[in-house]
Each structure stands twice: as structure tokens, then as C-alpha cells.
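A.B. asks: coords below, sequence missing:
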């Protein structure tokens, strides 16, 4: 694999865990929310095997938080999303498509309600902080909107529960999916949620105070040595198998949440105060939508540009945005945006992979 | 120089010129506004020598545009900045600090007035599109706000005028600083401005339509062969000499425009409708400010984290954000944020450079 070099600068921020990520032998990075995100430590395949069998600690500080606090906090959050957040509990996390007034996606964060008038948005790769600031300023809302010094650390894999139990106790392991509890580390309270960008189970711990980062990392590694705990990161193979969509790749600002397959998070019957309501209501029957596909043949090359999908007459009927070889499923697991006319499961299309044309079959769902 | 690898993905966008940038032998990239920006082609020093003696073509597509069009366009732009834009001409460009309701920097784009009700913001590295969308949505403004398919190509260096004259005519060369004219390329009108992120002179051509990108690049290179035209990019050495501040490095969201040395762009006496007015009015006497410094000793190492500046008693009185060796000025040209108590020209401070403590002398101004 031949990769380009990345020139470091202060503008591309390090994280509270960067010294430990470097010591763990990170092989390459990507840049996400103006910050470094590791992309693999051994090979993507070996990282994947280990993620599925043991436990990994991921520096996902790039999931920057937008903190919204004050009497109008709920109102502001609701302005950004078609998901009805009015009945969210104080210990709850919601996956929320964030949608503009034209009905298009701006981000797909996890919203965390910390208490009645205090939320965090745990962001995908766009500066939603600025949208929220714009709303607060122009609508003169009674809220503060800022980026706190909070950096998520994910603990993922089948042995994540065991590691978390050892360090934080059995009560934390009882946390239900997309709920959060509070742990105390060296005197500092921090939120931990049962969530994470894999389907292997685990937690996201919201490091609250950069100064605790290295000690927290070291504590987890010391406690998990016999569990073969390793440094990891979101894994391309596993996340495609799991159908975890990447904002900026699979979902872009050109797409509606219905095209992104996120219709179940659009509560257009009950939501009140969402600014994109009028536009999105007219877009609820998409002409294209996210699909899982299997692409035939040997492992596909790395994808730098979307690959067109054609029908038997050569018409372009979709675009592949993510694709890689899956050792477990023995095929190229693939995510594409496919036209309604060709999105039924079993439809065979032609994928214009750079090395060759290949058959691609639409599936009924994802793998993992 | 040992650089980390960058894992490419669709999320980190290519540009209309990427094939040509690759063919020209780009050595490393940075990521800026979710897009690839070359960082050098030969060595930073050799790129610098060539920029100062010939002409370079820069793929600065990362300067993404926010288009604001409609009856409320001027009102929206004015909401974002303390610079009074009310008398801007239809052929004019303004450097505008963009400031939030707490008086802090969000971006420092060049605003371009295309006609009375149509503006572009040519962005530094943050998604100001989302702030503008937030304002338009919450204030229910009569505007459209979107990212057009526009990608700037800079033509910089002492021979830039000659190259532009050959390709676009003498009338374009008569364009005054920070004014724009219109050229026609293959039937498509495009804006060209006398501007650019160097002090070597030249233009920025706003490619209007990605499909023209490679032809435009090739046209410039064919016309400039005997001028030794080469692919280039913003150069670290030259831009520090010139005092061109990098948003995200030298200026961050923690800083006010007065701290950033941009007080002359804050028209607090005449501006009307800027949303940060109340907060910024109280911050016009900064306690720290951007300064140029010379750092003694041999060439400094690459800077990944800010370097503290200390007084003679070891108190931290500033932070270095950019520093590199300048062959022309035979010193380490440096940008720092320095406390008022120590910002007078001639003050000697101690720079905590990773390899050694070094003397650093505050200057009255930049070099280039």
C-alpha cells in the first residue's frame, strides 16, 4: 500500500492520547474535525481480527463535542434534527441526523442528554458547532454553545465488558445500550456510555479534562494486559460489515436522511420546532438510498473516488462510496447509494472498479 | 524529515486539479476544509526560492466558497463580521475576520462581492457554511446559502503578471489589489482577483466548474513554460516572512480579532448589524497580541505543538505558533501570541524549543 505523507501542523490538532497512540505504533492517520484520527496500527486485517476477538482502546477524540447548556438547550437541539428529542431521558444517547432547511444532511452525531438543560453532540466530520452558534445568535436563544475539553476514548470488542468491569465495576457494565452512567477517575467525574463505532460491543468514555488522558489510557492497558488489550481505531472492514455509515463518504451534504436510510430517525409526525420540517416533509419518498452490496472478484483496490454502478445498458444507477475485502464474509463488502429502480435485493449491477468491471449484487441488509 | 502517512478516503476530497498536482510530483499534503492541500513539491526551501523568482500555480481549491445570494445577502454577511461591508463595491474583495457573539474568531476569509446581492466567502479552515446556514435559518433571511462548484487556483510570484497577461490579456493585469475582473475560459465566465496567500504578487482565479480544471491548469503551464512555471502551494517560510496568519495555528477560536492583530478590520464605530458587537466592544484592548519574533540559533525543528515563551523569571508570557528557518533573513522567522507586558519590539524572551532553550526577540513587524 502506497500512502501519501501528511505534513503535521498545529492546525491539525493532537489529542490527549497522542503520545500513547504514537508509542503503540500507529501506522497512518486520517484528519477528522481538524484533528488526528489513527487509521490502523498493524494492518487493517490484523486490527480487524483482534477487534473481533479481544478488546481495543480507541482514541476517538475527533468526535468533538458541542456543549449546549441553558434554558433553551432542548429547543436548540430540536431545531437541528427531525428526530423528536422531547422525551429523551437524562441518561440517554440518541443517534440524530442533523438536517438543514433544504432537507439535507449536515452531520450525524450522537446526542447525549446530561441533564434537562444540558446536551452534548458527539460529532461526525463537520463543524456543527458553527451551525448551533448561528442558530443561538440569530434566534437570541438563552444558551451557551461551545466545545468543551472532552475527548472520547472507545473501549470496543468482545472483552470490553470484562475490561470495564475490572476498572470501573460491575455497575457500569450493567449500562444499557445508548445509556450513560458516571465514573470517577482520579477525582474527576466522567460520562461513560454503552456505544461505539463497531458492532463488537463496548463503551465510549468521555474524557473530561485533557490532563487525565495519559493516566486513563495507562490504567486501561495495565488492567487489560492479560486480555490482550491493544490500541485500535474504527476499522474499515468491520464498520462496512456493520453498516456504520461514514459522514462525508457514504452520507454527504447532498443527501437527505431518507436517502441515507435514516428514515426511522425522522419523526415528522411528532417533531416540533425542527427548522427543516417543511423541506424534509416533501422528501420522504427517496429516489435513491443506501444499500449493502457484494462486489465479486478478488479484493478491490483502495477507494479514492466513488465508483459508478451501471445497469445492463450502461446507465449509471448508483455510486459506491465504501468497499473493501472482508475475510469473514469472503467477499468485497460494499456501501452504495442506489437508484430506486435498481435497489431491490438480488439485483445484479456492474461496478466500475478501477481495475475491472465487476458484478455487484444488492443485498437485503448489512452483515455484522 | 519523517512524516506520518495519510490514509486517503472519499471523505477527504480531491480537487479538480488533483491529477495535475499528482503528475507534478507533490511530496506531501495537509487536509484543509475536508480537502487535500499540497504542502510541498521539491523541498520547502526550493519551493520558496522558486516562488520568489518565477511563477507558480497553486491548487488552493481548499479555499471553499460560501455563496450567499438574495435580498438579505449583505445583511447576512454583516451579521458575521465587525468589518463594515456596507460600502463594498461589486468588484471588491475584503479580508474579513468572522467573529461570534463572544467576540472570538471563527474564520478569516476573503469576502468577494460579485454583485449587489451576491457574495462569496473564500474560507480558511472551518465550516463557515454552517454558521451562515444557521443564521439564515433562525433569522428567516431571504437568501440562499450553499457551497458552489468553485475552486480557486492561485498564480503567484514575480512573473505572475506576465503569465496572466499572456493567457488573459493586459486588461486583467491592470486589476488593482483586492479587486476582481471576469475572464472567459472555454465559454465559461470566471472571476479573477489580484490576491493570494503570498507577498510575491499575483492572482487567484476562481475556477467555476470542476470540468474546466485540468484544461485551465494545462493552459497556464503551456503558456508559462519559458517562465519556468511550476506547481506550488502556500509556502511556510514565505508566509511567515509576510505575516500571513494561519487560522487554526496562529489564530484560533480562543482569540479575538484584536489579539490576532486584526483591529484595523474592526469598524466598531460604523458597523451596523454585526451580532458580536456587544461582546467585541468590551475586548478592544487586548492583553496579548500576535507578534513577529526572531528565534536565535540553527534552524528550528518542525513545530507540532505550540512552544512557550518565558520571561527571565520563567513565567510563561506567550506561545509560538509558527516558526521556521528563513534562508533570506538568516534567522528563524516566527509568529507568536505575546502578553502585553512583553510585546514591545526589542524584548528578549526565552523560547522553549524542543531541542533547546533559545533567545527570541520581539520585532516591530514582519519581514516580507
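C.D. replies: Everything's here; your move. Keep in mind the model is a prediction, meaning the values are calculated, not measured.
A.B. asks: only C-alpha atoms for contact and neighbour calcs from this point on.
C.D. replies: OK.
A.B. asks: next, count neighbours for the closest residue to residue A:107 other than its chain neighbours.
C.D. replies: Among residues not flanking residue A:107 along the chain, residue A:98 sits closest, at 5.2 Å (CA to CA, 6 or more residues apart in numbering or on different chains). Residues within reach of residue A:98, counting by other CA atoms under 10 Å in any protein chain shown, total 24.
A.B. asks: I'd like to know how far residue A:98 sits from chain B.
C.D. replies: The spacing between residue A:98 and chain B, counted by CA to the nearest CA, to the nearest Å, is 11 Å.
A.B. asks: which residues of the stretch 251-368 of chain A lie near chain B?
C.D. replies: Contact residues, the stretch 251-368 of chain A versus chain B (CA under 8 Å from any CA of the partner chain): A:275, A:303-306, A:321.
A.B. asks: which pair in those residues spans the largest distance?
C.D. replies: A:275 and A:303 (35.2 Å; CA to CA).
A.B. asks: which one's more surrounded, those two?
C.D. replies: residue A:275 (23 against 17).
A.B. asks: now the more buried one, nearest residue through space, not along the chain?
C.D. replies: Leaving aside its sequence neighbours, residue A:275 sits nearest to residue A:79 (CA to CA, 6+ apart; 5.1 Å).
A.B. asks: confirm that that neighbour sits in a helix.
C.D. replies: Yes. Assessed by DSSP: H, G, I helix; E, B strand; the rest coil, residue A:79 belongs to a helix.
A.B. asks: right, and it touches residue A:273 too?
C.D. replies: Yes. Applying CA atoms under 8 Å, one finds residue A:79 in contact with residue A:273, separated by 5.4 Å.
A.B. asks: neighbour count for those two, which is higher?
C.D. replies: Neighbour count, other CA under 10 Å: between residue A:79 and residue A:273, residue A:79 has more, with 25 against 15.
A.B. asks: how much space separates the more buried one from residue A:229?
C.D. replies: Distance, residue A:79 to residue A:229, using CA to CA, to the nearest Å: 41 Å.
A.B. asks: swap in residue A:88?
C.D. replies: 34 Å.
A.B. asks: so between these two, which is more surrounded?
C.D. replies: Between residue A:88 and residue A:229, counting by other CA under 10 Å, residue A:229 is the more crowded of the two (24 against 16).
A.B. asks: quick one on the thing from earlier: save the residues of the stretch 251-368 of chain A next to chain B as TSV, and put in pLDDT too.
C.D. replies: Conversion of those to TSV gives the following (pLDDT from 0 to 100):
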residue	pLDDT
A:275	98
A:303	93
A:304	89
A:305	91
A:306	96
A:321	98
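A.B. asks: mind checking which of those residues are in helices?
C.D. replies: Assignment to helices by DSSP state H places none of these there.
A.B. asks: quick one: which of these sit in strands?
C.D. replies: If you go by DSSP state E, these have residue A:321 in strands.
A.B. asks: contacts only, for residue A:317.
C.D. replies: Applying CA atoms under 8 Å, 6 or more residues apart in numbering or on different chains to residue A:317 gives the contacts A:308-311, A:338-339, A:342.
A.B. asks: try 6 Å
C.D. replies: Residue A:317 makes contacts with A:309-310, A:339, as judged by CA atoms under 6 Å, 6 or more residues apart in numbering or on different chains.
A.B. asks: and the next element down the chain from the helix or strand containing it?
C.D. replies: Using DSSP states H and E, residue A:317 falls within strand A:316-326. Using DSSP H and E, the helix or strand that directly follows strand A:316-326 along the chain is strand A:331-339.
A.B. asks: which stretches in the stretch 151-300 of chain A count as strands?
C.D. replies: Along the stretch 151-300 of chain A, counting by DSSP state E, counting those that start in this stretch, strands occupy A:180-185, A:188-193, A:202-208, A:230-232, A:288-295.
A.B. asks: give the other helices and strands that the fourth one contacts.
C.D. replies: This points to strand A:230-232. Counting contacts by 3 or more CA pairs under 6 Å, 6 or more residues apart in numbering or on different chains; DSSP states H and E, strand A:230-232 packs against strand A:56-59.
A.B. asks: how about the strand it packs on: buried residues?
C.D. replies: Buried residues in strand A:56-59, counted by 16 or more other CA atoms under 10 Å in any protein chain shown: A:56-59.
A.B. asks: can you check stretch A:86-101 too?
C.D. replies: Residues A:88, A:90-101 are the ones in stretch A:86-101 that count as buried (16+ other CA under 10 Å).
A.B. asks: go on, stretch A:169-185?
C.D. replies: A:172-173, A:175, A:178-183, A:185.
A.B. asks: identify the farthest-apart pair in these.
C.D. replies: Maximum pairwise distance in the buried residues of stretch A:169-185, criterion CA to CA, is 21.3 Å, between A:178 and A:185.
A.B. asks: helix, strand or coil for the residue lying farthest from the centre of chain A?
C.D. replies: Distance from the C-alpha centroid of chain A, by CA atoms, centre = their mean, peaks at residue A:313 (36.0 Å). Here residue A:313 takes the coil state, with states given by three-state DSSP.
A.B. asks: just the pLDDT for it.
C.D. replies: Model confidence at residue A:313, given as pLDDT, is 97.
A.B. asks: distance of it from chain B?
C.D. replies: Distance, residue A:313 to chain B, by CA to the nearest CA: 25 Å.
A.B. asks: pull the number of nearby residues for residue A:47.
C.D. replies: Residue A:47 has 23 neighbouring residues, counting by other CA under 10 Å.
A.B. asks: element containing it?
C.D. replies: Taking DSSP H and E as the definition, residue A:47 sits inside helix A:44-53.
A.B. asks: which stretches of the stretch 51-200 of chain A form helices?
C.D. replies: Under the criterion DSSP state H, counting those that start in this stretch, the stretch 51-200 of chain A carries helices at the ranges A:73-80, A:128-138, A:160-168, A:170-173.
A.B. asks: what mean pLDDT would you report for the first one?
C.D. replies: When pLDDT is averaged over helix A:73-80, the result is 98.
A.B. asks: contact partners of it?
C.D. replies: A:98-99, A:117, A:143, A:273-275.
A.B. asks: go on, the second one?
C.D. replies: Contacts to helix A:128-138, defined as CA under 6 Å, 6+ apart, come from residues A:66, B:130-131, B:134-135, B:138-139.
A.B. asks: what about it, distance to the chain center?
C.D. replies: Here the centre of helix A:128-138 is set off from its chain's centre by 22 Å, with CA atoms, centre = their mean, to the nearest Å.
A.B. asks: closest residue of the stretch 251-368 of chain A to chain B?
C.D. replies: The minimum distance from the stretch 251-368 of chain A to chain B, using CA to the nearest CA, falls at residue A:304 (5.3 Å).
A.B. asks: and that residue, how close does it get to residue A:360?
C.D. replies: Taking CA to CA as the measure, residue A:304 falls 19 Å from residue A:360.
A.B. asks: try residue A:208
C.D. replies: With distances taken as CA to CA, residue A:208 is found 45 Å from residue A:360.
A.B. asks: can you check residue A:16 too?
C.D. replies: Here the criterion is CA to CA. By it, residue A:16 lies 42 Å from residue A:360.
A.B. asks: and which of the contacts of residue A:317 is nearest residue B:224?
C.D. replies: residue A:309 (40.2 Å).
A.B. asks: what separates the helix or strand encompassing the closest one from the chain centre, distance-wise?
C.D. replies: Using DSSP H and E, residue A:309 sits within strand A:307-310. The chain centre lies 25 Å from the centre of strand A:307-310; the measure is CA atoms, centre = their mean.
A.B. asks: what packs against that strand?
C.D. replies: In this structure, strand A:307-310 packs against strand A:316-326, strand A:348-353, with contacts taken as 3+ CA pairs under 6 Å, 6+ apart.
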